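In: Provided below for reference: sequence and predicted model.
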Amino acid sequence: MAVIALAGGLGAPGVTTAAMALLMTWPLPEGHRVVLAEADPDGGAILPGALQGTLDNSHGLRNLAIAARQGQLGEAFWRQLVDVTDAGTRDRLVLPGLYDPAHASAMEPVWKPLAGLFAGIEDHRHDVLVDLGRRGAFGASAVLAQRADVVLMVARNTLRSLQSAHVRLSALRELLGGSAELTMLLVDEGPFSKEEVRKTLGVPVAAVVPWRPKEAAVLSDGAEQPRRFESSELMRSARSAAVRVQELVAIRRSRLAPPPPGPAQGRVISGAR
């Protein structure tokens, strides 16, 4: 179980669309669930976008700010989650974001306990994807990135997007200080290869997803699904990306795990009192 944060730069690189793609393709062993939390201080896009306004603002992040002031954050969190599966299985869930950016200031004292909640719900066999948008990896909500296992910088492989990502990556390195695995998810719209991006920006590229506006619109705006959408190139790439991110989490946690006890620690030494 893991916490994965997704961040972006200028030029709408596709953070929320990438997060939705990961949500819908995240490998789930039996009894496990995944939650996508929209934590972009500039406001959420899933309620009016992917969910096409079928739900009102009765669910979402702002309600957690109210609950936190009443000491009820943990209980309220589960009530705010929205099932996005057609079958109603409640194994792929969304915590909708702020519907008005003006409410971001009310969230400032909530980000830290919310980060702790995200880190703790793995005991309930939940993974958490955190959509930080353009600004959420910095400021008061930066703790969400600092408490993550992996931080994915989402960028298109165009000059404009990569220049923006370069600035953000420099700030993220300083912010994280090695507390999370920092890597990139590229949207393949431009001319630069995965290897060129890695060498230039000095950050590994976990995955590349294709630039497919019509398929992406299903995830970002609830557009009608084209034929064989689940097996489309975009969704196949998202599945591969999800598997790779889970591998990165496992590698990181293995590296941070305490070493196994040596022979002298694992048995009673003969003659010891």
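Out: Sure thing, it's come through. Residues are numbered from 1 along each chain as shown.
In: Show the subsequent helix or strand relative to whichever helix or strand Ala5 is part of.
Out: In this structure, Ala5 is located in strand 3-7 according to DSSP states H and E. As assigned by DSSP H and E, the chain's next helix or strand after strand 3-7 is helix 15-25.
In: which strands and helices sit next to that next one?
Out: strand 3-7, strand 33-38, strand 92-95, strand 126-133, strand 150-156, helix 213-221, helix 233-256 (3 or more Cβ pairs under 8 Å, 6 or more residues apart in numbering; DSSP states H and E). In this view, the C-beta of every residue, glycine as well, is placed from N, C-alpha and C.
In: what's it in contact with?
Out: 4, 6-8, 34, 36, 38, 40, 45-46, 49-50, 84, 92, 94, 129, 131-134, 152, 154, 185, 187, 209, 216, 219-220, 234-235, 238-239, 241-242, 245 (Cβ atoms under 8 Å, 6 or more residues apart in numbering).
In: And stretch 157-173, by the same measure?
Out: 7-11, 13, 137-138, 145, 151, 153, 155-156, 182, 184, 186-194, 197, 200-203, 208.
In: Give the buried residues for that stretch.
Out: Asn157, Thr158, Ser161, Leu162, Ser164, Ala165, His166, Arg168, Leu169, Leu172 (16 or more other Cβ atoms under 10 Å).
In: Going by distance to Ser254, which of the residues you listed wins?
Out: For these, the residue nearest Ser254 by Cβ to Cβ is Leu172; the value is 22.8 Å.
In: who touches Thr85 in this structure?
Out: Counted by Cβ under 8 Å, 6+ apart, Thr85 has contacts Asp91, Arg92.
In: Going forward, count from 403.
Out: New numbering, starting at 403: the last item is Thr487.
In: State whether it is indeed within a strand.
Out: No. Under DSSP: H, G, I helix; E, B strand; the rest coil, Thr487 falls outside any strand and is assigned coil.
In: So it versus Val610, what's the distance?
Out: 27 Å (Cβ to Cβ, to the nearest Å).
In: do the same with Leu531
Out: In terms of Cβ to Cβ, Leu531 sits 18 Å off from Val610.
In: Look at the two and report which has more neighbours.
Out: Legend: neighbour count by other Cβ atoms under 10 Å for Leu531 and Val610, higher for Leu531 (27 against 17).
In: one step back: mind checking which of the contacts of stretch 559-575 are buried?
Out: For these, buried by 16+ other Cβ under 10 Å: 409-411, 415, 539-540, 547, 553, 555, 557-558, 584, 586, 588-592, 594, 596, 599, 603, 605, 610.
In: tell me, how many neighbours does Gly473 end up with?
Out: For Gly473, using other Cβ under 10 Å, the count is 8.
In: again with Ala504
Out: Ala504, neighbours per other Cβ under 10 Å, totals 9.
In: show me what contacts it?
Out: Contacts of Ala504 (Cβ under 8 Å, 6+ apart): none.
In: is it true that it lies in a helix?
Out: Yes. Assigned with three-state DSSP, Ala504 falls within a helix.
In: Return the distance of it relative to Leu449.
Out: 16 Å.
In: Convert the C-alpha atoms of stretch 488-504 to PDB, please.
Out: Only the C-alpha atoms of stretch 488-504 are listed here, as PDB (Å, rounded to 0.1, in the frame of the first residue of the first chain):
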ATOM      1  CA  ASP A 488     -19.800   1.400 -13.100                       C
ATOM      2  CA  ALA A 489     -20.500  -1.700 -11.000                       C
ATOM      3  CA  GLY A 490     -20.600   0.200  -7.700                       C
ATOM      4  CA  THR A 491     -17.800  -1.900  -6.200                       C
ATOM      5  CA  ARG A 492     -16.300   1.000  -4.200                       C
ATOM      6  CA  ASP A 493     -12.800  -0.100  -4.900                       C
ATOM      7  CA  ARG A 494     -11.900   2.900  -7.000                       C
ATOM      8  CA  LEU A 495     -12.800   6.100  -5.100                       C
ATOM      9  CA  VAL A 496     -12.400   9.800  -5.500                       C
ATOM     10  CA  LEU A 497     -12.200  12.600  -2.900                       C
ATOM     11  CA  PRO A 498     -13.400  15.600  -4.900                       C
ATOM     12  CA  GLY A 499     -11.300  18.800  -4.600                       C
ATOM     13  CA  LEU A 500     -12.200  22.300  -3.800                       C
ATOM     14  CA  TYR A 501     -14.900  23.700  -6.000                       C
ATOM     15  CA  ASP A 502     -13.800  27.300  -5.200                       C
ATOM     16  CA  PRO A 503     -10.100  28.200  -4.900                       C
ATOM     17  CA  ALA A 504     -11.100  30.800  -2.400                       C
END
